[in-house]
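[1] task: produce atomic coordinates for the following.
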Amino acid sequence: MRDTFAPLMALASIFGCAGCTGMPVTPVRNFERCPFDGGSVKTVTVLAANPWQSSGVIVDVGDELFFEASGQWAPPPSQRWLCSPAGRVGGTRLTPLLREAPSDSLIGRTGASPPFPIGVQAYLKVISPGELYLAMNTPPGHFSDNYGSVEVTIHHRKASGQVQTAPLPSVASGVSLRSASKTRIVTAGISAYNDSGIPKVDYGTGDAKAFAAFAQQAGVPAENITTLVGAEATRSKIIEAVDKLKMATMDKSETAIFYFSGHGAPLVKDGTIYSSVIVPYDASERSLEETGIGLDWIREKLGDLPGSSVVVLDACFTGKEGRSVMAKNLRGLVIVPKGTNIVPPPGTNTWWLTATSGDNFANDLPKESHGLFTYYLLKALSGEQGVDIDQDGLITIKEAFAWTKERVTGISAKSLGRLQVPELIGDGDTVLVIPR
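    Below you'll find the predicted structure:
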């Protein structure tokens, strides 16, 4: 019970209570500025007609959030009243989503936490990790008749010792993933591994959460998205999730997407790479062939689906450094032939997008707190200017990749000093993003 009410109690200091037992009732302004320094800042528009709109902000336990909201919206014209982030002015409403907060005020939730009040201003420490969602405190089933919106500025500071994750690039207005309701996604990301001999990947976990958040913003139902991060991204759980992804994608109109951010590793014989694996959380540096997940296995699972499949790997497989590791007894003995293709040939209607090609590195982009490849791929899929080459309103996989490759290659060479050249493998082309 203490954890259940912790978000509400953390807000009590900025909500007046009218004879209640500590529960926030009336939002008031008590802060002249954000109560903490540093972190990231993002402003989002919350539509009154949307139940639980994604903010694109990913949080962990202990993170600090501070909200500032403004604007007006209204329920159906027949109701004859206006609402603000502080709540309704006049009129009556049925039971709202959160009874402890004013009717029609701004509320939020993170991960599996219960909803918490926000109002005009709010500060809290996160107890439930995951994505931050925002909504109006409207009775369930009554959202679609609302109209108008509010602007919410979100200040986000990571808990001490955690890497700051940048807010997800916003999805372009009026676009969504093609056949979003028929798309199923598995994202997996690891920053710190169980085996202390495997180096950290600063933004692996944040990248996977950001890719999942993007998918939901772009219209993929939450129940179609499986996110495995940190200690959850074990070999058995990733294999189980991919097996389920395959079984659930049985129609020509459906799409399966597998995304991974973390370490890759080469498998070596006589000093030469013969195959590669992605490295799950519980892998052992001394036995990567047995404890990793082979790219051959992923191709076998997702390469012969009735519909389409897309595999995205923000990792590298040279064993040198960056987002790559090598079995401990083989470090330094590997020859990576120029032009080596570590990805097995995909099947029909299958595309693989990899952060690297040949013997180059997968870089991080510290100023944006993401992997370099993931950051620019998400911006491309979000409809960044210049991605839609033929300006037909549709973004194909080749258009998104070409834009991403140009930026990743240029920035890695000029600003980071380690060339990174992404690769797209697959025949033909397919539309990824369409107008809503």
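
[2] count of neighbours near I238?
    Counted with other Cβ atoms under 10 Å, the neighbours of I238 add up to 23. No exception for glycine: its C-beta is placed from N, CA and C like everyone else's.

[3] quick one: which helix or strand includes it?
    Assignment of secondary structure by DSSP states H and E places I238 within helix 235-248.

[4] just checking, what packs against the helix or strand following that helix?
    Past helix 235-248, further along toward the C-terminus, the next helix or strand under DSSP H and E is strand 255-261. Taking 3 or more Cβ pairs under 8 Å, 6 or more residues apart in numbering; DSSP states H and E as contact, the helices and strands that strand 255-261 lies on are strand 183-189, helix 204-217, helix 235-248, helix 295-302, strand 308-314.

[5] mean pLDDT and distance to F361 added to the ones you listed, as CSV?
    Rendered in CSV, the data for these read as follows (pLDDT from 0 to 100; distance: least, Cβ to Cβ, whole Å):
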stretch, mean pLDDT, distance to F361
strand 183-189, 95, 18
helix 204-217, 89, 15
helix 235-248, 95, 23
helix 295-302, 90, 18
strand 308-314, 93, 12
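
[6] out of those, nearest to T409?
    Taking Cβ to Cβ as the measure, those were each checked against T409, and strand 308-314 came out nearest at 15.1 Å.

[7] so for K158, which of the helices and strands packed on strand 255-261 sits nearest?
    Where those are weighed against each other on Cβ to Cβ, the nearest is helix 204-217, at 9.7 Å.

[8] with just CA atoms, put the closest one into PDB.
    What follows is helix 204-217, C-alpha atoms only, in PDB (Å, rounded to 0.1, in the frame of the first residue of the first chain):
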ATOM      1  CA  GLY A 204      21.200   0.400 -24.500                       C
ATOM      2  CA  THR A 205      18.200   0.300 -22.100                       C
ATOM      3  CA  GLY A 206      17.100   3.800 -23.000                       C
ATOM      4  CA  ASP A 207      17.300   3.000 -26.800                       C
ATOM      5  CA  ALA A 208      15.000   0.000 -26.500                       C
ATOM      6  CA  LYS A 209      12.400   2.000 -24.400                       C
ATOM      7  CA  ALA A 210      12.600   4.900 -26.800                       C
ATOM      8  CA  PHE A 211      11.900   2.500 -29.800                       C
ATOM      9  CA  ALA A 212       8.900   1.000 -28.000                       C
ATOM     10  CA  ALA A 213       7.600   4.500 -27.100                       C
ATOM     11  CA  PHE A 214       8.000   5.600 -30.700                       C
ATOM     12  CA  ALA A 215       6.000   2.600 -31.900                       C
ATOM     13  CA  GLN A 216       3.100   3.300 -29.500                       C
ATOM     14  CA  GLN A 217       3.100   7.000 -30.400                       C
END
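
[9] what's the spacing between the helix or strand that that helix is followed by and its chain's center?
    Once helix 204-217 ends, the next helix or strand along the chain (criterion: DSSP H and E) is strand 225-229. Relative to the mean C-alpha coordinate of its chain, strand 225-229 is positioned 9 Å out (Cα atoms, centre = their mean, to the nearest Å).

[10] elements contacting strand 225-229?
    By 3+ Cβ pairs under 8 Å, 6+ apart, strand 225-229 packs against strand 183-189, helix 204-217, helix 235-248.

[11] relative to S84, which of the ones you listed is closest?
    In terms of Cβ to Cβ, the element of the helices and strands packed on strand 225-229 nearest to S84 is helix 204-217, at 24.9 Å.

[12] where do the helices sit along the stretch 251-400 of the chain?
    Listed from the start of the chain, the stretch 251-400 of the chain has helices (DSSP state H, counting those that start in this stretch) covering 288-291, 295-302, 372-381, 397-411.

[13] just checking, what packs against the second one?
    Where contact means 3+ Cβ pairs under 8 Å, 6+ apart, helix 295-302 is packed against helix 235-248, strand 255-261, strand 272-278, strand 308-314.
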